[in-house]
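**Q** Below is the structure, and that's it, no one-letter string:
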């Protein structure tokens, strides 16, 4: 048997083989004679060894003849002698501390196996096959342990938190080609709060080991109470931990309150967020205004009234912020004091050269904060200024215009040396359009990229308001969104707005763990999730789920750059801002979080976890 290199030690006993073994055992028991003692046989059974080929059961006498036939189910490729198992065994011997590598041949393997089997005292009783068998079984157990400790998926799914936790407690393993250890991004741990995220979310997925039954089937009274609390800006204070969240009416009312937002326009048969890339989703929908100019003007007139009303609330600090979503770009207006700024700010992303030029022609002073930050980091870099508008801190466009005129004069007179040589007619000069396109290459290169985000501050935001009301490019001229005004989203009520609620749906799945299966509960929130909604929901889950949950956040990518820090020198104090914005309708803890400076840069939160009331996140 030891000469068979294709023998498989990891063979699993099928039902047919077991049937044959029982049949042979009964037939041999009937003979009752002519058997030699199993201890004197060189092929005698060993305690703790599993038979793999048809033969007598463990503990019974061996068959006459002393030679077993080869297992017909053995797989030659699934053996210890294969390159794959040999490489894996080397990885295990290096990875597992205290594990001695198993040698398939030689006296050393026999001695090592004897040391692991105290029942055996004579090396002569262990033949080559037995040594290889015991070593292979020990090797397969070690391989299984290493695979369980190292098999963490790269995407780190939300439903595999148990595997990740066990991988953290496993002993450190040496990386090898056969046993890959994915490089996990370090998450900040031990934080009682998470940074404010100004990007719009399209979907939130909360997962926890505790059920979300408290978020299902709200009673009519609880729903009405939640809407009333939102309209009156009532503050709900929840205990640190709620033992029975399903029976907590206060929790369910607060959950309904956190789902409310305000939108204009509101058309029940159209999903008006997100607007960028929504042509396929809106194709074929009923749009009676597409061919009716009078109806388009009426819609734009109502939209202008709502837009102006929102800006007035923002300037009066009765509305903390709002979003304007067009089919090409998104604008975030923030009240003075939010994100660490001392005045009203507006961020536009993504932008194009045409939009920036139109804003300059209207006298709107703006900057490109990401480009300015790159220039501060690389002062000696050769990065050209895209529009010239960021060359002065006040954003004045006139100096840039003068510089461009001088450059044009230099380009026009740059070929005078050809006339001096008398060959101006023999050499073709580039036309003015080609020269201009070459100069504008760096400007066009920024279009539709995160670096094209534009920051408008102070009184220029009012000029931006008038520009957006009169700008025809905010409304599509053709396609599925033709004639449809931009979408306005705000946490507070404004003129012409419609109250909307985010969609919530809870479910549970069976998650496979090492010991079997367990229930994994999830709560999905869909819709335009604004920063205050995200913070309010985490406050609720902190109490309802006993400080343990995970969140997957799906951001509207063009708005991820809204986490850019808009601060300059001379900012207002945090205490005065909290006092001035006390009547905006936000929860005090949420407002305190939104007042802090933005720290995420041009990225957004992707995953947010809470364990033992401590946050960790990925961006």
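**A** Happy to help now that I have it. From a predicted model like this one, the values you see are computed outputs, not experimental measurements.
**Q** Mind picking out the helix or strand in the chain with the poorest mean pLDDT?
**A** Of all helical and strand segments in the chain, the minimum by mean pLDDT, DSSP states H and E falls on helix 161-169, at a mean of 40.
**Q** Helix or strand next in line after that one, which one?
**A** Note on helix 161-169: by DSSP states H and E, the next helix or strand toward the C-terminus is strand 201-208.
**Q** Which neighbouring elements make contact with the following helix or strand past that following strand?
**A** Toward the C-terminal end, the helix or strand that comes next after strand 201-208 (DSSP H and E) is helix 220-231. For helix 220-231, the elements it packs on are helix 249-258, strand 260-264, judged by 3 or more Cβ pairs under 8 Å, 6 or more residues apart in numbering; DSSP states H and E. For every residue, glycine as well, the C-beta is placed using N, CA and C.
**Q** Show the average pLDDT along the helix or strand just after the last one.
**A** It stands for strand 260-264. Where DSSP H and E defines the elements, the next helix or strand beyond strand 260-264 is helix 279-282. Computed over helix 279-282, the mean pLDDT rounds to 91.
**Q** same question, stretch 373-382
**A** Per-residue scores along stretch 373-382 average to 73.
**Q** Show me what counts as buried in it.
**A** Under the neighbour-count criterion of 16 or more other Cβ atoms under 10 Å, stretch 373-382 has residue 375 buried.
**Q** Wait, a strand at residue 615?
**A** Yes. Under DSSP: H, G, I helix; E, B strand; the rest coil, residue 615 sits within a strand.
**Q** So residue 319 is in contact with residue 334, correct?
**A** No. Look at residue 319 against residue 334 with Cβ atoms under 8 Å: they stay out of range, at 10.1 Å.
**Q** Which of these two has more residues huddled nearby?
**A** Neighbours were counted for residue 319 and for residue 334 using other Cβ atoms under 10 Å; residue 319 has more, 25 against 22.
**Q** Name the nearest residue to the more buried one, sequence neighbours excluded.
**A** Nearest residue to residue 319, sequence neighbours excluded (Cβ to Cβ, 6 or more residues apart in numbering): residue 313, at 3.8 Å.
**Q** hang on, the earlier thing: dump the helices and strands packed on helix 220-231 to TSV, plus mean neighbour count, mean pLDDT and distance to residue 276.
**A** Listed next are those as TSV, based on neighbours: other Cβ atoms under 10 Å; pLDDT from 0 to 100; distance: least, Cβ to Cβ, whole Å:
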stretch	mean neighbour count	mean pLDDT	distance to residue 276
helix 249-258	22	96	26
strand 260-264	21	97	16
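**Q** need those in TSV with distance to residue 209, can you?
**A** As requested, the helices and strands packed on helix 220-231 are exported to TSV (distance: least, Cβ to Cβ, whole Å):
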stretch	distance to residue 209
helix 249-258	18
strand 260-264	29
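**Q** Ok, which of those comes nearest residue 199?
**A** Set against residue 199 and scored by Cβ to Cβ, these come closest in strand 260-264, at 15.3 Å.
**Q** elements contacting that closest one?
**A** Counting contacts by 3+ Cβ pairs under 8 Å, 6+ apart, strand 260-264 packs against helix 220-231, helix 293-315, strand 487-490, strand 498-501, strand 516-529.
**Q** List the contacts of residue 269.
**A** Applying Cβ atoms under 8 Å, 6 or more residues apart in numbering to residue 269 gives the contacts 285, 286.
**Q** so where's the stretch 501-619 of the chain shaky on pLDDT?
**A** For the stretch 501-619 of the chain, the stretches flagged by pLDDT under 70 are 568-572.
**Q** Go again with 90.
**A** Within the stretch 501-619 of the chain, the stretches with pLDDT under 90 are 509-519, 565-580, 582-583, 601-602.
**Q** all strands for it, in order.
**A** With DSSP state E, counting those that start in this stretch, the ranges of strands along the stretch 501-619 of the chain come out as 503-513, 516-529, 548-555, 607-611, 614-618.
**Q** Kindly reformat those strands as CSV containing distance to residue 477.
**A** Shown next, in CSV, are the strands of the stretch 501-619 of the chain (distance: least, Cβ to Cβ, whole Å):
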stretch, distance to residue 477
strand 503-513, 32
strand 516-529, 25
strand 548-555, 29
strand 607-611, 40
strand 614-618, 41
